[in-house]
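> structure of the sequence below:
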Amino acid sequence: MSLKPLALALLFAAAPVHAADYVQAPSSTLTFATKYQGEVFSGRLPGFTTRISFEPGQLSTAKLDVIIPLAGSDTKNAERDDTLKGADFFSIAKFPQARYTATKFRSLGGNNYAADGNLTLRGVTKPVVLTFTWTGGANPVLTGKATVKRLDFGVGGGDWADTSIIPNEVAVSTKLNLVPAK
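Below you'll find the predicted structure:
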């Protein structure tokens, strides 16, 4: 018996296992919610794209990249949507998209995780933690949430900076229905 097949088998057995690569299915959602003068409103951010490499047992190789076009933000109120797209808020003429990237992941127990990433919005990059539940399978599902402090990114300047009118904290939620990347 030759040692060559045994050596090859040991080499492949010692090779690192990498996270599986996925993209989002069209049924995925990205939403936000906050208040205006005490009244809760929510919106969605359609057209976003997600690439994720994730395997629960291989958090060291996990990564997440989400590109979010801001022009399509929709709160079901045309006047509010126009205001959000303007210079005081998203300033889409100058900053047409936001981006969230993460390369550090932590287990929170069970199928719960945290992605320690960075959000770039209006040209400002700040850390944002995304906590999420991972439901595995051939087409896994990531259900997550984060809190974004809008004033850290200059969202809602001028008179809109008053947190008694609009709170600083904006709740962001996502449900990513994932399919294997090609």
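> please name the bridge partners of Val141.
Note on Val141: beta-bridge partners by DSSP bridges are Thr135, Asn177.
> give me the distance between it and Thr174.
The gap separating Val141 from Thr174 is 11 Å, by Cβ to Cβ, to the nearest Å. Every residue, glycine included, has its C-beta placed from N, CA and C.
> okay, now Leu130: neighbour count?
The tally of other residues near Leu130 (other Cβ atoms under 10 Å) stands at 22.
> higher neighbour count, Val141 and Thr174?
Set Val141 next to Thr174 and count neighbours by other Cβ under 10 Å: Thr174 wins out with 22 against 16.
> ok, the more buried one to Ala138 distance?
Applying Cβ to Cβ, the value for Thr174 to Ala138 is 20 Å.
> and what of Asp82?
As judged by Cβ to Cβ, Asp82 and Ala138 stand 42 Å apart.
> can you check Gln37 too?
Using Cβ to Cβ, we find Gln37 at a distance of 46 Å from Ala138.
> repeat for Thr50
According to Cβ to Cβ, Thr50 and Ala138 sit 17 Å apart.
> who's more crowded, those two?
The neighbour count for Thr50 versus Ala138, taken as other Cβ under 10 Å, is higher for Thr50 (20 against 7).
> I'd guessed the more buried one sits against Thr29; true?
No. The pair Thr50 / Thr29 is not scored as a contact, 11.1 Å apart, by Cβ atoms under 8 Å.
> wouldn't His71 be in contact with Ala93 here?
Not His; residue 71 is Ala. No. The pair Ala71 / Ala93 is not scored as a contact, 9.5 Å apart, by Cβ under 8 Å.
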